[in-house]
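Predicted model and sequence follow; I will ask about them next.
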Amino acid sequence: MKRNGLIMFANVLLILGSSISSASGPDEAPPTASARLPREDLLVRRTADGARAPVRSVEDWSERRAEIVRGVESIMGRLPGEARRSPLDPTTEETVDCGLYVRKKILYQSEPGSRVPAYLLIPKAVLGNPQARVPAILCLHGTDNVVGAGVVVGVGDRPNRQYARELAERGYVTLAPNYPLLAEYQPDLAKLGWESGSLKAVWDNIRGIDLLSSLPYVRPDAIGVIGHSLGGHNAVFTAVFDDRIKAVVSSCGLDSFLDYKHGDEANWQPERGWCQTRYMKRLADYRGRLAEIPFDFHELIGALAPRRTLIIAPFGDANFDWRSVDRIAAAARPVFDLYGAADHLRVEHPDSAHDFPEAMRQAAYKLFDDEFGRPAAARP
């Protein structure tokens, strides 16, 4: 009965587009190797009685997707219920006139006892037109322990990272929250009750979407997410849990757990790689048996279907293997095809290192324009 109840609940989440699970409960134990469905074949599902069956419809896929979410939560922890969805209570610490847009440094309350530092960029054309309603993009930063989210708005002058600034210049409202345990944002995860930094970041991002949706000049039906490196996988994780996100761009953010750093077991020690406190400490339990991890990026990218998804995997990326990304996309594409949206999953391989080159950023911005329409106020 417990298993059937979980399946029904997860399907309700998918149908309603909710990013929140019901009241917290004890986590399920990670699935065993024999129980794990194949990462390379997403068109296989588990029926209510535990048997395997083919996925032939979107309804069938919802059962597999629900199992993927349970696998993620068995490692990250459960997303909390409404009790933690406190008033956002945003406050502004600084306002800077940046020419085409205004940049606000803000704090918002993502849960009781935790205020997230973030940058909110608002095009002046929007502020000057009370009838304006434009798309908004959640802009997630890479690993930066000095300026954190500042890197994507141009603070710190790091090249090829200012996508929040460039999107604001293009007419989008952008929000760049800081990632937990980097730079100025140091929440006490244990005291707050989080089992992983990854899920805390997802929750902060979900509340960031709540904030964007509350702004009178933002179209709540037109929200995208973009991120590089740490921000690249943070974008994927958040979009899996919150389908208010309609378009996803991940640059240099992923490969299979099986391929990460060539499978070197040294990277699966506590506080190394994916096993750091700010990620998922529980993954250290799978050292030496990575194939048993109950989810992988094959499944996460499949779970984004049918939304527009761009994965940028440079040939010279020393963090994540582009060949692994191709295998992930090959596994996920049949799910997009199930929705009649095979062309919504796109992979690009720029000839660069672990970077977000100009041409790729422009491709990302065009994806948002294609999905939402270029903000009218920014059109020439």
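Yep, it's here.

Pretty sure residue 300 sits against residue 241.
No - Residue 300 is not in contact with residue 241 according to C-beta atoms under 8 Å; the separation is 10.4 Å. In short, each C-beta sits where N, CA and C put it, glycine included.

what distance separates stretch 310-326 from the centre of its chain?
17 Å (C-alpha atoms, centre = their mean, to the nearest Å).

Which residues does it contact?
Surrounding stretch 310-326, the residues in contact under the criterion C-beta atoms under 8 Å, 6 or more residues apart in numbering are 229, 232, 248-256, 258-260, 301, 328-329, 345-357, 360, 363-364, 367.

quick one: the strands in the stretch 201-350 of the chain?
218-228, 245-251, 308-312, 345-348 (DSSP state E, counting those that start in this stretch).

What values do phi and psi take at the residue nearest to residue 271 when sequence neighbours are not counted?
Of all residues not flanking residue 271 in the chain, residue 277 sits nearest, at 6.8 Å (C-beta to C-beta, 6 or more residues apart in numbering). Residue 277 adopts backbone torsions of phi -60, psi -40, taken as degrees, to the nearest 10.

Ok, residue 117 next?
Here is the backbone geometry of residue 117 (degrees, to the nearest 10): phi -80, psi 140.

ditto for residue 53
Dihedral angles (degrees, to the nearest 10) for residue 53: phi -150, psi 160.

give me the beta-bridge partners of it?
Applying DSSP bridges to residue 53 gives these bridge partners: residue 45.

If you tally nearby residues, what's the number for the residue lying closest to residue 56 once chain neighbours are set aside?
The shortest distance from residue 56 to any non-neighbouring residue, by C-beta to C-beta, 6+ apart, is to residue 43 (7.9 Å). Applying other C-beta atoms under 10 Å, we find 17 residues neighbouring residue 43.

before we move on, what about the one 3 residues further on?
Here the number of neighbours of residue 46 (other C-beta under 10 Å) works out to 17.

how about it, what does it touch?
By C-beta under 8 Å, 6+ apart, the neighbours of residue 46 are 37, 52, 53, 63, 64, 67.

Checking residue 355 next. Helix, strand or coil?
Here residue 355 is recorded as coil under DSSP: H, G, I helix; E, B strand; the rest coil.

Most tightly packed of the strands of the stretch 201-350 of the chain?
strand 245-251 (a mean of 26; mean count of other C-beta atoms under 10 Å).

Okay, now the sheet partners of that one, with direction.
Paired with strand 245-251 in the same sheet, following DSSP bridges, are strand 218-228 (parallel), strand 308-312 (parallel).

how near is the residue nearest to residue 56 to residue 311?
20 Å (C-beta to C-beta, to the nearest Å).

Also residue 37?
From residue 37 across to residue 311, the span is 22 Å (C-beta to C-beta).

Same question for residue 244.
Applying C-beta to C-beta, the value for residue 244 to residue 311 is 20 Å.

Equivalent analysis for residue 74, please.
Per C-beta to C-beta, residue 74 is found 25 Å from residue 311.

And for residue 204?
Going from residue 204 to residue 311 by C-beta to C-beta gives 23 Å.

Quick check: residue 237 touching residue 201?
Yes - the pair residue 237 and residue 201 passes the contact test of C-beta under 8 Å, sitting 7.4 Å apart.

When the two are compared, which one has more neighbours?
residue 201 (30 against 22).

Please name the spatially closest residue to the most centrally placed residue in the chain (chain neighbours excluded).
The residue lying closest to the centre of the chain (C-alpha atoms, centre = their mean) is residue 235, at 2.2 Å. Leaving aside its sequence neighbours, residue 235 sits nearest to residue 227 (C-beta to C-beta, 6+ apart; 3.9 Å).

Can you name the residues that contact the one you found?
Contact partners of residue 227, counting by C-beta under 8 Å, 6+ apart, are 139, 140, 141, 142, 233, 234, 235, 249, 250, 251, 253.

How many residues are close by residue 209?
Using other C-beta under 10 Å, residue 209 has 21 neighbouring residues.

can you check residue 306 too?
Residue 306 has 16 neighbours, counted by other C-beta under 10 Å.
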